[in-house]
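K.L.:
sequence-free structure coming up:
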């Protein structure tokens, strides 16, 4: 592993000079401007606090960024992870979040060591799109309290929403006004301006300045410590078998999401940077980073596509860009902590709601509906619903199982066409010798799920004098289908029927060989060859 990491560094820093360093510095500062409001917002939305989000961004930028499998990867707190942490924090408090983060880091490290970086390729694309949209819904609904200035109770979004029936929904109009203005401002913010000043950062700066000038009854972030080591952090004395057992399932969810987010981000960013991600090294980096974060009071971190794409577009040359972004964030904590404590909660809520909207893979969703991929659409909605109602782990398991079921059901579809012998089609003189023959064209895998269709077809052929099976489109055949052909051949032998197989795939031919030992049958390369042989046998040789 160390040898592979050193190879990555040598390749990355070959020819590194002052001009490239300047580009890294500029990219790091730009990414920090984007990451600052998001780190604060995701820290709050996860059930922790703004300080935890900042600590996570700094430590992840330094540790995970320094060890990453791709120089362009920028890690930190993300909205998807915040959606999971929200329920963990509600049930088990911050201590549960820290323990789950540590355990998830161990899982990720083991996954990297055992080179499991390819596992995400087994998750169907509609499942990934579905749980991304589900997470976006959770993030948006999780900001109802901060946007409207109301209070709720519950361990998850659904419980929080239903709690308003008992707690009431007394809207604070100054809070709603500020949050709404942030949402409207970010939505209509010109894209060309966003290349210089991120809309989220500008929204936070303006609303914070307003809060410092006007004494409005609006909740703020509160005190932000000027240190990387939070008072609410994990210690070795917190470790116990019973404590880890309570967070085992959430830790698996965190690890699974961390793997998916980081590797998908790396795959997308790798195409942008024209540099392939070392997926196993990335998992090792994510594992080590998440093992360390709880001891500082941080929450789980993953690679973030928004910050990563900004780094690439800003001209990042090496992993130093991500580390510089972390240093800039830390300096912001030291210098601006007293000011950041005045950031209004509805402003962060507005930033998160717009971020949640943009998280959705709208192009992919639009394509699913435009091309009417009904099974993919069903899989998308199923995964999205399970993510909102249950959690990520259950949603992905259900999504993968459903995807397999849909695939098997689709694979069971076969096409069978029964045609009379057409001599003109094979350029042979017409004869009535084979009037009671049929050519059967079969396409699709023949296995237990398509057995009924095959059985019904074979039943229609009992009165024929001879049958030519064209099986070019049959890639495989199972024991059930073989048994149907064997039974059909036994009946054909008793009735004096002739059976010919053509265009057999090598694997199918191998599996049917034992049938020909029981009853002699002919095999030809194509239907045309079979008809040519029959024409010679029944017409030419017959006349001779």
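P.N.:
That came through fine. Bear in mind that the values here come from a model prediction, so they are computed numbers and not experimental data.

K.L.:
what is the burial count for the nearest residue in space to residue 343 that is not next to it in sequence?
P.N.:
Computed as Cβ to Cβ, 6 or more residues apart in numbering, the closest residue to residue 343 that is not its neighbour in sequence is residue 221, at 4.5 Å. Backbone N, C-alpha and C define where each C-beta goes, glycine included. The tally of other residues near residue 221 (other Cβ atoms under 10 Å) stands at 23.

K.L.:
what's the answer for residue 71, then?
P.N.:
Count around residue 71 with other Cβ under 10 Å applied: 25.

K.L.:
hang on, it packs against residue 316?
P.N.:
Yes: under the criterion of Cβ atoms under 8 Å, residue 71 makes contact with residue 316 at 6.9 Å.

K.L.:
what touches both of those two?
P.N.:
Residues touching both residue 71 and residue 316 (Cβ atoms under 8 Å, 6 or more residues apart in numbering): residue 322.

K.L.:
what ranges do the helices span in the stretch 101-250 of the chain?
P.N.:
125-141, 144-148, 157-167, 173-187, 191-194, 199-213, 241-246, 248-273 (DSSP state H, counting those that start in this stretch).

K.L.:
of the ones you listed, which approaches residue 99 most closely?
P.N.:
Closest of these to residue 99 is helix 241-246, at 5.7 Å (criterion: Cβ to Cβ).

K.L.:
which elements pack onto the closest one?
P.N.:
helix 79-113 (3 or more Cβ pairs under 8 Å, 6 or more residues apart in numbering; DSSP states H and E).

K.L.:
quick one: stretch 189-197 to chain centroid distance?
P.N.:
29 Å (Cα atoms, centre = their mean, to the nearest Å).

K.L.:
which other residues reach it?
P.N.:
Under the contact criterion Cβ under 8 Å, 6+ apart, stretch 189-197 has outside partners 33, 199, 202.

K.L.:
and which of those is nearest residue 320?
P.N.:
Of all the contacts of stretch 189-197, residue 33 has the smallest distance to residue 320: 17.2 Å, by Cβ to Cβ.

K.L.:
I'd like to know how many residues surround that closest one.
P.N.:
Using other Cβ under 10 Å, residue 33 has 21 other residues around it.

K.L.:
if I read this right, it contacts residue 200, doesn't it?
P.N.:
No: contact criterion Cβ under 8 Å: residue 33 and residue 200 do not qualify, at 9.1 Å.

K.L.:
circling back: want to throw the contacts of stretch 189-197 into TSV with distance to residue 386 and pLDDT?
P.N.:
Listed next are those as TSV, based on distance: Cβ to Cβ, whole Å; pLDDT from 0 to 100:
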residue	distance to residue 386	pLDDT
33	36	84
199	32	88
202	37	90
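
K.L.:
make a markdown table from these and add distance to residue 75 to it.
P.N.:
Shown next, in a markdown table, are those (distance: Cβ to Cβ, whole Å):
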| residue | distance to residue 75 |
| --- | --- |
| 33 | 17 |
| 199 | 22 |
| 202 | 24 |
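
K.L.:
any chance you could map the strands in the stretch 401-544 of the chain?
P.N.:
For the stretch 401-544 of the chain, the strands defined by DSSP state E, counting those that start in this stretch occupy 415-420, 437-443, 466-473, 498-502, 522-524.

K.L.:
and the last one, how far from the chain's centre?
P.N.:
Between the centre of strand 522-524 and the centre of its host chain there is 48 Å, according to Cα atoms, centre = their mean.

K.L.:
same question, stretch 36-55
P.N.:
24 Å.

K.L.:
from one end of that stretch to the other, what's the distance?
P.N.:
11 Å (Cα to Cα, to the nearest Å).

K.L.:
next: stretch 59-69.
P.N.:
End-to-end distance for stretch 59-69: 17 Å, by Cα to Cα.

K.L.:
what's in contact with it?
P.N.:
By Cβ under 8 Å, 6+ apart, stretch 59-69 touches 5, 8, 35, 73-77, 228, 266, 277-286, 288-289, 292-293, 296, 298, 301, 303, 319, 322-323, 325-327, 329.

K.L.:
what about those residues, which are in helices?
P.N.:
Counting by DSSP state H, the part of the contacts of stretch 59-69 found in helices is 5, 8, 35, 266, 279-286, 288-289, 292, 322-323, 325-327, 329.

K.L.:
any quick PyMOL command for the buried ones out of those residues?
P.N.:
To isolate the buried members of the ones in helices among the contacts of stretch 59-69 in PyMOL, using 16 or more other Cβ atoms under 10 Å:
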select buried, resi 5+8+35+266+279+280+281+282+283+284+285+286+288+289+292+322+323+325+326+327+329
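
K.L.:
which strands or helices does the helix or strand containing residue 352 pack on?
P.N.:
Element membership of residue 352, judged by DSSP states H and E, is helix 345-359. Judged by 3+ Cβ pairs under 8 Å, 6+ apart, the packing partners of helix 345-359 are helix 18-45, helix 79-113, helix 125-141, helix 144-148, helix 173-187, helix 199-213.

K.L.:
show me what counts as buried in the fifth one.
P.N.:
I take that to be helix 173-187. Neighbour count says helix 173-187 has 175-176, 178-179, 181-183, 185-186 buried, by 16+ other Cβ under 10 Å.

K.L.:
run the chain-centre distance for it.
P.N.:
Using Cα atoms, centre = their mean, the offset of helix 173-187 from its chain centre is 31 Å.

K.L.:
helices or strands up against that helix?
P.N.:
If you count contacts as 3+ Cβ pairs under 8 Å, 6+ apart, helix 173-187 packs onto helix 144-148, helix 199-213, helix 345-359.

K.L.:
can you check the shortest one too?
P.N.:
Counting contacts by 3+ Cβ pairs under 8 Å, 6+ apart, the secondary-structure elements packed against helix 144-148 are helix 157-167, helix 173-187, helix 345-359.

K.L.:
let's go with 10 Å and repeat that
P.N.:
helix 18-45, helix 157-167, helix 173-187, helix 345-359 (3 or more Cβ pairs under 10 Å, 6 or more residues apart in numbering; DSSP states H and E).

K.L.:
any idea of the mean pLDDT for that helix?
P.N.:
Helix 144-148 carries an average pLDDT of 91.

K.L.:
make 712 the starting number, not 1.
P.N.:
Okay, using 712 as the starting number, the last item reads as helix 855-859.

K.L.:
residues in contact with that helix?
P.N.:
By Cβ atoms under 10 Å, 6 or more residues apart in numbering, the residues outside helix 855-859 that reach it are 752, 755-756, 851, 861-863, 868, 871-872, 875, 880-884, 886-887, 889-891, 893-894, 929-930, 1055-1061, 1063-1064.

K.L.:
of those, grab the buried ones for ChimeraX.
P.N.:
If you want just the buried ones from the contacts of helix 855-859 in ChimeraX, going by 16+ other Cβ under 10 Å, the selection is:
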select :752,755,756,851,861,863,868,871,875,883,886,887,889,890,893,894,929,1055,1056,1057,1058,1059,1060,1061,1063,1064
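
K.L.:
hang on, the earlier thing: closest to residue 1070 among the contacts of stretch 900-908?
P.N.:
residue 910 (15.5 Å).

K.L.:
neighbours of the residue lying closest to the closest one once chain neighbours are set aside, how many?
P.N.:
Distance criterion Cβ to Cβ, 6+ apart; nearest residue to residue 910, sequence neighbours excluded, is residue 900 at 3.8 Å. Per other Cβ under 10 Å, the neighbour tally for residue 900 reads 17.

K.L.:
phi and psi next, for residue 900.
P.N.:
Backbone dihedrals for residue 900, given as degrees, to the nearest 10, come out at phi -70, psi 130.

K.L.:
check residue 1140 too.
P.N.:
For residue 1140, the backbone dihedrals (degrees, to the nearest 10) come out as phi -60, psi 140.

K.L.:
run through this structure and note the low-pLDDT ranges.
P.N.:
832, 866, 1102-1104, 1228-1230, 1249-1255 (pLDDT under 70).

K.L.:
ok, now which ones touch the residue nearest to the spatial centre of it?
P.N.:
Most central in the chain under Cα atoms, centre = their mean is residue 839, positioned 3.0 Å from the mean C-alpha point. Neighbouring residues of residue 839 by Cβ under 10 Å, 6+ apart: 831, 971-972, 975, 1072, 1075, 1091, 1094, 1107, 1110.

K.L.:
please consider this matter closed, and thank you.
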